[in-house]
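K.L.:
I'd like to go over a predicted model; first the sequence, then the structure.
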Amino acid sequence: MLSAKTLKTAFWTIGVALVLAGSWAWIDRFVNADKNANYGSVVPWGLWVSVYIYFIGLSAGSFLVSSLVYVFRIQRFEPIGRLALYSAVVTLLLALLSISADLGHPFRAWHVFVYPNFRSPMAWMIWLYSAYFALLMLELWFVLRHDLVRASKGPGWKAKIYRVLVFGSRDESPETLASDRQIVRVLATIGVPLAIMFHGGVGALFGVVSARPAWHGGLFPILFLVSALASGGALLVLVSAVFQEGLRKNRDTVLALGSLVLVLLAIDLLLEISEILVGFYGNEPARVSNLRLIYGGPYWWVFWIWQLGLGTIVPIAILLLPQTKKNPAAVALACGMITVGFLALRLNIVIPGLADEQLAGLTEAISSDRVSTDYVPSVMEFLFSAGIVGIGLLLFGLGEWLLPRGQETSNEEVSHVSA
């Protein structure tokens, strides 16, 4: 079995390598704008939008899992409470970095606040993002405040940083700790509907586009929420295994969360099958054309091999087989595959949904690389996204190294409650 030190070293090594690889793409994007990106007039959204909704799902899912601890007080998941909040912050930042690459003028985002359009789903989404980010940071601060105060009384440069973060407070009283916990519960309770609204809003942003039959429908917001929970829970299993000794000390938490992820993945799969069957049975030409593009077109391997095979069937088998479902390393591996598999789901939502001619013969009438339904991300797009993933890995490593640890709680002190 790999040691925690080996896993952490791998995280840091891969993170640094990806950031270095992505640095060239970031410079290219800044200097040449979207000149070296392969999206165009027919497929205006590509890899970066897919990565964006992928990370947004991980953030919303991680936060909603944290609510099991801070709202519903399910003690079985208590060891991953603060990790879930931190994961929500990190993945939200990665999502914003991803979408900033796709936007032509990201620094004009403030226009949404100064010149509001209350009928725009995208405007509502941005407002909800802002409220969600502020709530995340505030809740994480109150979760960590007591430990930050305790650690700030020690020597060294870390203690100085902690003193700044708690504004010089030295109050460790039980009354203040109880007050902090009550505030956290209130914030987490507010955050549950907020997370549902903002990620459901992302699904609604696609679902209201009646010109795209592949997206248009009332089930899209629900699909986005369920996939967020499944992918966010799977990410937490993987991160806990690496940074919380989840393969040994917190193995029970990893196994319990793995079982929860299995249920959520099954529900997500059921909803997807429903969408497929209804789409084919309805026999609407545009919808059927899109489904055939996903399952039999140039992107077939993204669905059959990546999403369904490696991201669904193999992990489900691992989480069900008696020989592996009680092995935390196997559960972490399965959840890692699920986490990566959901990126394929996001790709299958965005790209095939656009890669259909809205006007028959358009791509033949205009001779231009930008007017084509054949979209494959460029090297620059791949490296840009890889660099963002690298930033995420390094942020997880920095959080584990810099943030104070909570007081250890023995297994005997924690009353495990079934989820």
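P.N.:
Yep, it's here. Numbering: from 1, shown residues only.

K.L.:
could you pull out the helices for the stretch 301-419 of the chain?
P.N.:
Secondary structure of the stretch 301-419 of the chain by DSSP state H, counting those that start in this stretch: the helices cover 314-320, 328-354, 362-365, 379-402.

K.L.:
put together JSON lines for those helices, with distance to L136, mean pLDDT and mean neighbour count on each row.
P.N.:
In this view, the C-beta of every residue, glycine as well, is placed from N, C-alpha and C. Listed next are the helices of the stretch 301-419 of the chain as JSON lines, based on distance: least, Cβ to Cβ, whole Å; pLDDT from 0 to 100; neighbours: other Cβ atoms under 10 Å:
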{"stretch": "helix 314-320", "distance to L136": "28", "mean pLDDT": "96", "mean neighbour count": "18"}
{"stretch": "helix 328-354", "distance to L136": "20", "mean pLDDT": "93", "mean neighbour count": "23"}
{"stretch": "helix 362-365", "distance to L136": "43", "mean pLDDT": "76", "mean neighbour count": "12"}
{"stretch": "helix 379-402", "distance to L136": "13", "mean pLDDT": "93", "mean neighbour count": "19"}
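
K.L.:
for A204, which of those is the nearest?
P.N.:
Counting by Cβ to Cβ, A204 lies closest to helix 328-354 out of these; the figure is 13.3 Å.

K.L.:
which elements pack onto that closest one?
P.N.:
Applying 3 or more Cβ pairs under 8 Å, 6 or more residues apart in numbering; DSSP states H and E, we find helix 328-354 packed against helix 47-70, helix 220-243, helix 251-282, helix 285-296, helix 314-320.

K.L.:
against S289, how distant is I190?
P.N.:
According to Cβ to Cβ, to the nearest Å, I190 and S289 sit 43 Å apart.

K.L.:
for S87, that is, sorry about that
P.N.:
S87 sits 38 Å away from S289, going by Cβ to Cβ.

K.L.:
the two: which is more packed in?
P.N.:
Shown here are S87 and S289; by other Cβ atoms under 10 Å, S87 has more neighbours (28 against 15).

K.L.:
what about the more buried one, which SS state?
P.N.:
helix (DSSP: H, G, I helix; E, B strand; the rest coil).

K.L.:
for P221, give me the pLDDT.
P.N.:
Looking at P221, its pLDDT reads 85.

K.L.:
just S23 next, same as before
P.N.:
What the model reports as pLDDT for S23 is 94.

K.L.:
who's in contact with the residue lying closest to it once chain neighbours are set aside?
P.N.:
The shortest distance from S23 to any non-neighbouring residue, by Cβ to Cβ, 6 or more residues apart in numbering, is to G387 (6.5 Å). Going by Cβ atoms under 8 Å, 6 or more residues apart in numbering, G387 touches L18, V19, A21, G22, S23, A25, W26.

K.L.:
that older thread, the helices of the stretch 301-419 of the chain: which one's closest to V31?
P.N.:
Nearest of the helices of the stretch 301-419 of the chain (Cβ to Cβ): helix 379-402, 10.9 Å.

K.L.:
taking helix 47-70 as reference, get the angle to the closest one.
P.N.:
Relative orientation of helix 379-402 and helix 47-70, computed by axes from the mean of the first three to the mean of the last three Cα atoms, to 10 degrees: 20 degrees.

K.L.:
quick one: helix 379-402 to chain centroid distance?
P.N.:
13 Å (Cα atoms, centre = their mean, to the nearest Å).

K.L.:
also stretch 193-204?
P.N.:
For stretch 193-204, the distance to the chain centre is 13 Å (Cα atoms, centre = their mean).
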